[in-house]
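Peer 1: Coordinates only, no sequence provided:
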Ligand SMILES: C[S@@+](CC[C@H](N)C(=O)[O-])C[C@H]1O[C@@H](n2cnc3c(N)ncnc32)[C@H](O)[C@@H]1O
């Protein structure tokens with residue numbers, strides 16, 4: 001018993017380990033309930049995102065992912081877009097589910113994405129979403145996939161930029177009870193005009209809905 005108390009006290013003196021343990025349990029619960037894969041999307045959500053990627057590929061402008069983590073969904077987007085279509089993944093290396101230090105997280109993601117960056121017109125913007133928004137000067141993107149800061153304010157910032165920029169397909173992840181801030185920001189922005197598959201949500205501009213009815 002004394003040994004257990006000692007261990008508990010040791011743990012309490014290590015807030016990082018406690019944070020990681022909580023994070024670990026949270027990831028397991030989300031995986032059990034939704035099939036998400038350690039911060040990345042589920043297989044059902046992959047199918048929906050593949051469809052959206054194909055639609056975005058028929059439109060001008062790049063595809064943007066906000067929050068790339070290890071680059072798994074970036075790979076998916078790269079796989080289902082034409083090689084020449086530009087893909088930009090924005091990642092600040094602030095979070096990962098394993099507590100890997102930012103420097104190593106960056107190395108892993110860059111290595112995962114190496115093929116895409118060399119051969120598939122994919123770039124990694126290494127920085128915060130808001131710095132990307134401030135400096136972006138390219139064409140109007142065809143689609144943005146929002147999956148970075150999961151707070152209400154964070155998602156609101158992403159959606160505000162996407163609407164202001166006139167992006168025809170605005171999508172994101174984790175529209176679910178685990179992330180009430182995401183649900184609130186999405187609901188306020190689109191007043192229910194979204195489609196949800198798993199916890200993947202998307203909104204298509206009205207003009208696009210007329211042109212591609214299955215975009216809904
Ligand atoms: C849930 S993960 C993204 C998962 C990824 N989209 C996938 O499906 O594999 C969230 C990522 O967003 C990044 N992130 C969080 N806040 C950010 C911000 N303000 N700007 C850029 N990236 C951010 C985190 O470092 C983390 O890697």
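Peer 2: That came through, no problem. Being a predicted model, the structure only gives us computed values, none of them experimental.

Peer 1: Contact partners for the residue nearest to the spatial centre of the chain?
Peer 2: In the chain, the centroid-proximal residue (CA atoms, centre = their mean) is residue 147; its distance is 2.2 Å. With contact set as CB atoms under 8 Å, 6 or more residues apart in numbering, residue 147 has these partners: 41, 65, 66, 67, 69, 73, 172, 173, 174. C-betas here are computed from N, CA, C, even on glycine.

Peer 1: again, only this time at 7 Å
Peer 2: Neighbour list for residue 147: 65, 66, 67, 172, 173 [criterion: CB atoms under 7 Å, 6 or more residues apart in numbering].

Peer 1: Show me which residues of the chain sit near the ligand.
Peer 2: By CB under 6 Å from any ligand atom, the residues of the chain that approach the ligand are 39-41, 67-69, 72-73, 90-96, 128-129, 147-149.

Peer 1: make it 5 Å
Peer 2: 39-41, 67, 69, 72-73, 92, 94-95, 128-129, 147-149 (CB under 5 Å from any ligand atom).

Peer 1: Return the members of the residues you listed classed as buried.
Peer 2: 39-41, 67, 69, 72-73, 92, 95, 128-129, 147-149 (16 or more other CB atoms under 10 Å).

Peer 1: Residue 204 is in contact with residue 190, correct?
Peer 2: No. Applying CB atoms under 7 Å, one finds residue 190 not in contact with residue 204, separated by 10.2 Å.

Peer 1: Which of those two has more residues huddled nearby?
Peer 2: Counting neighbours by other CB atoms under 10 Å for residue 190 and for residue 204 shows that residue 204 has the greater number, 24 against 15.

Peer 1: And the pLDDT for that one?
Peer 2: Per-residue pLDDT puts residue 204 at 96.

Peer 1: Where does residue 90 sit: helix, strand or coil?
Peer 2: Following DSSP: H, G, I helix; E, B strand; the rest coil, the label given to residue 90 is strand.
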